[in-house]
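Novice: Structure, please.
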Amino acid sequence: MVSPVEVRKEGKLGRVYSLAYKLDENNYKYYKDGAYELGPNPIIDIVAQAQKHVDQAISLTLFMNDKATTRDLNKAYIRAFKAKCSSIYYVRIRQEVLEDSEHIDW
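Specialist: Residues are numbered from 1 along each chain as shown. Down below sits the predicted model:
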């Protein structure tokens, strides 16, 4: 999950809300706003540790916020390379949602 509550568009259903595993009102305050809030470094570190025990490449997805620069992205690539991550598969950048996209016509 990228965030505690993900909004997904599902065909004719429109929006579907998916909750993170075991998320409830008692532990919601402990969840960060997902991978975008964490930034790339903890994800790189976790994948690098797991990569030591896997024969094939793990597809690493980097999550960057909309204020990330090309320098930030380059730093993440270098960190992943030095940590011996085999593959960066996707780079996802969170962008502010446009007001019009929040409106649903039923």
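
Novice: Enumerate the positions of stretch 71-90 that are buried.
Specialist: Using 16 or more other Cβ atoms under 10 Å as the test for burial, stretch 71-90 gives L73, A76, Y77, R79, A80, A83, C85, I88. Where C-beta positions appear, they are placed from N, C-alpha and C, glycine not excepted.

Novice: In helices only, show me these.
Specialist: Among those, the ones falling in helices (DSSP state H) are L73, A76, Y77, R79, A80.

Novice: Find the nearest non-adjacent residue to the fourth one, please.
Specialist: Closest residue in space to R79, ignoring its immediate chain neighbours: I44 at 5.4 Å, by Cβ to Cβ, 6 or more residues apart in numbering.

Novice: Quick check: the one you found touching K84?
Specialist: No: using Cβ atoms under 8 Å, I44 makes no contact with K84, being 10.4 Å away.

Novice: Alpha carbons only: can I get stretch 77-85 in CSV?
Specialist: This file holds the C-alpha atoms of stretch 77-85, laid out as CSV (Å, rounded to 0.1, in the frame of the first residue of the first chain):
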residue,chain,number,x,y,z
TYR,A,77,19.9,6.1,-7.8
ILE,A,78,23.4,6.3,-6.4
ARG,A,79,22.3,5.1,-2.9
ALA,A,80,20.5,2.1,-4.5
PHE,A,81,23.6,1.3,-6.6
LYS,A,82,25.9,1.5,-3.6
ALA,A,83,23.5,-0.6,-1.6
LYS,A,84,23.7,-3.3,-4.3
CYS,A,85,20.1,-3.1,-5.3
